[in-house]
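Engineer: this one's structure only:
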């Protein structure tokens with residue numbers, strides 16, 4: 001998921017996630033440049049949507065796909081949320 005929100009636990013983002021049926025999650029911040037490298041054009045399209053005002057876009061629905069490509073050393077701390 002890519003977001004324009006600066007805080008994953010901000011109320012506006014949590015409300016957007018609740019609206020989509022997501023009420024419990026574990027989030028990690030991942031390096032933007034690495035995601036650009038992995039996804040190329042799809043990343044650029046989604047980043048452009050974020051710049052145009054979309055607050056939330058999904059880059060990859062397959063969580064293990066990203067998780068397996070990014071070493072633990074490059075992940076931010078785990079953010080646990082029950083919303």
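Structural biologist: Perfect, I can see it now. Treat the numbers as computed from the prediction; the structure is a model and nothing was measured. Numbering: from 1, shown residues only.
Engineer: what's near enough to touch residue 19?
Structural biologist: Under the criterion of CB atoms under 8 Å, 6 or more residues apart in numbering, the contact list for residue 19 is empty. C-beta here means a position set from N, CA and C on the backbone, and glycine is covered the same way.
Engineer: again, only using 10 Å
Structural biologist: Neighbour list for residue 19: residue 56 [criterion: CB atoms under 10 Å, 6 or more residues apart in numbering].
Engineer: how close does it get to residue 55?
Structural biologist: 11 Å (CB to CB, to the nearest Å).
Engineer: likewise for residue 21?
Structural biologist: 17 Å.
Engineer: neighbour count: the two, which is higher?
Structural biologist: Each of residue 21 and residue 55 has its neighbours counted (other CB atoms under 10 Å); residue 55 has more, 14 against 6.
Engineer: grab the nearest non-local neighbour of that one.
Structural biologist: Nearest residue to residue 55 in three dimensions, chain neighbours excluded: residue 4, at 5.2 Å (CB to CB, 6 or more residues apart in numbering).
Engineer: pLDDT value on the one you found, please?
Structural biologist: On pLDDT, residue 4 comes in at 82.
Engineer: helix, strand or coil for the residue of the chain positioned farthest from its centre?
Structural biologist: Most distant from the centre of the chain: residue 73, at 17.7 Å, with distances by CA atoms, centre = their mean. Assigned by DSSP: H, G, I helix; E, B strand; the rest coil, the conformation of residue 73 is helix.
Engineer: now swap in residue 81 and tell me
Structural biologist: The three-state assignment at residue 81 reads strand, by three-state DSSP.
Engineer: now it: how far from residue 29?
Structural biologist: Using CB to CB, residue 81 is found at 13 Å from residue 29.
Engineer: overlap of the contact sets of these two?
Structural biologist: residue 8.
Engineer: for the chain, which segments count as helices?
Structural biologist: Along the chain, the segments classed as helices by DSSP state H run 11-19, 32-39, 41-51, 63-69.
Engineer: among the ones you listed, which comes closest to residue 25?
Structural biologist: The closest of these to residue 25 is helix 11-19. By CB to CB, the value is 7.3 Å.
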